[in-house]
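Trainee: Sequence unavailable; structure follows:
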């Protein structure tokens, strides 16, 4: 059985590059979804991409899960990397920004995001800066997975088996909550639903070699289209953010989530690197936290120019992606502690 140490030491420069590309493709799909929704434009395979877009993020996070020197050290690191960016951008863009804009441009911000509602929005899962829900959910998934891992190691030295079983059981519990429209505040129900995807990333990294160069790679041009074909036929509508799963099935959610994720990973493995997407993939947290606000500005201009919504969507998406060549260096320099570039809490 492969060990964590052996697999971690086998990570090559090529592998890191293609995982950056996978992250870049993932965040680009998130941008596409939000820009299209803003312009009320439908696009091909929107439903199919929804079912694996967020699972891909959880799998990518699970790939690089580390226990560090103990739970305390781990917890501090996750506060630095996830919780601090979450609260910083929640305060900036879900409290300060909407209330400020309500004075400057009263029609720009919906009333349900102003005043006290902006303070309590996260409890009711109604934040103005919608995408940052993922950071809070990912923080909880990291902590929950660590606790399940500790429990599994106490049960048996072959802890991967109880780890996978416990993670899947928690995921099934989250699915049952979502299917029956039972909500737990702070995205804790989504945390449960997505734990199996996080666990899959951990297993792929530590117990397989499919992510590094191997003899299977020559079949990837045939395997990748089959992955997306499977998703096309079996995907069902769902929404991970609200854990809205009453139209989905457990089979479609987990099978399409896993197979669609593998399709993107293997596509990135084939392509290795695409300059823009590989670049933004290295700083996906920055883009996740800021794009929902930035896209409002080209939208406000394009609407006034009465350009076709579909064309406006494409223009906005291109502007948004290219703008990060300027915004990422600025955030790295002036906002390193709230963009997961430097630690605010000493570890």
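Mentor: Sure, I can see it. All values derive from a computational prediction rather than experimental measurement.

Trainee: OK, contacts around residue 235?
Mentor: Residues near residue 235 by C-beta atoms under 8 Å, 6 or more residues apart in numbering: 47-48, 50-51, 252, 256, 260. Glycine gets a C-beta too; all of them are placed from N, C-alpha and C.

Trainee: where's the dip in pLDDT among those?
Mentor: Checked by pLDDT, those have residue 47 as the lowest-scoring entry (83).

Trainee: Correct me if wrong: it contacts residue 239.
Mentor: No. Contact criterion C-beta atoms under 8 Å: residue 47 and residue 239 do not qualify, at 10.8 Å.

Trainee: quick one: average pLDDT of the strand or helix carrying residue 326?
Mentor: Assigned by DSSP states H and E, residue 326 belongs to helix 309-334. Throughout helix 309-334, pLDDT has a mean value of 96.

Trainee: Next, residue 243: phi, psi?
Mentor: Dihedral pair for residue 243: phi 50, psi 40, per degrees, to the nearest 10.

Trainee: and the nearest residue to it once chain neighbours are set aside, how many residues sit next to it?
Mentor: Spatial nearest neighbour of residue 243, chain neighbours left out: residue 178 (3.9 Å); criterion: C-beta to C-beta, 6 or more residues apart in numbering. By the criterion of other C-beta atoms under 10 Å, residue 178 has 25 neighbours.

Trainee: what's near enough to touch the residue nearest to the spatial centre of the chain?
Mentor: Centroid-nearest residue in the chain, with C-alpha atoms, centre = their mean: residue 57, separated by 3.7 Å. Residue 57 makes contacts with 26, 134, 138, as judged by C-beta under 8 Å, 6+ apart.

Trainee: Report pLDDT for the first one.
Mentor: Meaning residue 26. pLDDT, residue 26: 94.

Trainee: and the helix or strand containing it, which residues are buried?
Mentor: Taking DSSP H and E as the definition, residue 26 sits inside helix 13-38. Neighbour-count burial for helix 13-38, counted by 16 or more other C-beta atoms under 10 Å, picks out 17-36, 38.

Trainee: Just want the angle from it to helix 309-334.
Mentor: 130 degrees (axes from the mean of the first three to the mean of the last three C-alpha atoms, to 10 degrees).

Trainee: got the residue ranges for the strands in the protein?
Mentor: Taking DSSP state E, the chain contains no strands at all.

Trainee: for it, which spans come out with low pLDDT?
Mentor: 1-15 (pLDDT under 70).

Trainee: how about 90 then?
Mentor: Along the chain, the parts satisfying pLDDT under 90 run over 1-17, 44-48, 97-127, 209-214, 237, 246-248, 300, 306, 347.
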